[in-house]
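>>> Return atomic coordinates for the entry below.
(2 chains)
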Protein chains: 2
Amino acid sequence: MSGPSLEDFSVGETVESNDVYEMTAANIAEFASQFDPQPIHLDAEGAVRELFGGVIASGWHSLSATMRLIVRSNIFAGAPVIGVAVDNLRYLQPVRAGERLRASATVLEVRPSRTRPERGYLVLRVVTTRDDGEPVLTQDWTVLVPRRSEGISQRDS
Amino acid sequence: MSGPSLEDFSVGETVESNDVYEMTAANIAEFASQFDPQPIHLDAEGAVRELFGGVIASGWHSLSATMRLIVRSNIFAGAPVIGVAVDNLRYLQPVRAGERLRASATVLEVRPSRTRPERGYLVLRVVTTRDDGEPVLTQDWTVLVPRRSEGISQRDS
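Here you go, the predicted model:
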């Protein structure tokens, strides 16, 4: 398997998404009908809209869009992004149709496994923002990453 | 808006999902192609399959399916489930085609807002399980819930 090793990451480095995910009335309704069938996402009840002044996207839709952005940022150069944990996830702003989301991942921690010498963990602060730069979601991912074996760099092989 | 108030919940009570979400080769591929386009979810590279012995569902797919199960459990009686945070999310087991997921939510904490007398927060431990009862995902949601106003029960009105 190709891709970077734990040793290739440094605390503080940031990767930005190369593309954007645009929320639309159609994809908000489609996601919600499959996974979060509530009026607040489906426009089914005018009264409920008053809460946020209109239909908002499911939080799980914005989170899934964030995964797409991070995968396509190529931070792991095509190697699998194997999540083991998510902590400190905060919904900061509702997301509406017409907004275009971007995401960044900043390395908070680089931690070799104490029990498995061939692996380690990265903790990444993942922030999802709107076009105006306002963060809408923030979360910390713990991701499993292989360690470089026996001094041979996987990037060199 | 109808639906329960903070005062209607007690620490320790549990709601189970009424239905199941079945993972299939088709819905795993469809979700992954939209939100998590990695070979490990898409069967595009045989070599990658060796990691888990086969294609596995995107973690975000299992999480979104969990949201569907909780919404359909009717824990909030049709009132919106307004998430503000997710903590302690752990991916415990990979999820594969043919597995049927269920979810439960247990009340960990009932907390009035210190600044807004009309609202409060529930902390729910949400656990997603397979047919054999094995947990595949666990997470703690903090959800905004209205408080009963001026002694009038919303359930009575």
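
>>> Could you give the number of residues near A:Asn74?
Neighbour count of A:Asn74, defined by other CB atoms under 10 Å in any protein chain shown: 12. (Glycine included, C-beta is placed from N, CA and C.)

>>> Distance-wise, check it relative to B:Pro37.
Distance, A:Asn74 to B:Pro37, by CB to CB, to the nearest Å: 11 Å.

>>> What of A:Gly3?
Distance, A:Gly3 to B:Pro37, by CB to CB: 16 Å.

>>> which other helices and strands contact the host helix or strand of A:Ala105?
Using DSSP states H and E, A:Ala105 maps to strand A:100-112. Strand A:100-112 sits against strand A:14-16, strand A:21-22, helix A:59-73, strand A:119-129, strand A:135-146, with contacts defined as 3 or more CB pairs under 8 Å, 6 or more residues apart in numbering or on different chains; DSSP states H and E.

>>> 6 Å instead, please
Contact here means 3 or more CB pairs under 6 Å, 6 or more residues apart in numbering or on different chains; DSSP states H and E; on that basis strand A:100-112 packs against strand A:14-16, helix A:59-73, strand A:119-129.

>>> how big is the angle separating the last one from helix A:59-73?
On the basis of axes from the mean of the first three to the mean of the last three CA atoms, to 10 degrees, strand A:119-129 is oriented at 120 degrees to helix A:59-73.

>>> For chain A, which helix or strand comes out least confident on mean pLDDT?
Counting by mean pLDDT, DSSP states H and E, the weakest-scoring helix or strand in chain A turns out to be helix A:46-49, with a mean of 61.

>>> pLDDT below threshold where in chain A?
Scanning chain A for pLDDT under 70 picks out A:1-2, A:44-50, A:150-157.

>>> mind running it again at 90?
Scanning chain A for pLDDT under 90 picks out A:1-4, A:18, A:39-40, A:42-54, A:74-82, A:148-157.

>>> For it, what lies in contact range of chain B?
A:35-38, A:40, A:59-60, A:64, A:67-68, A:71, A:80, A:83-87, A:89-91 (CB under 6 Å from any CB of the partner chain).
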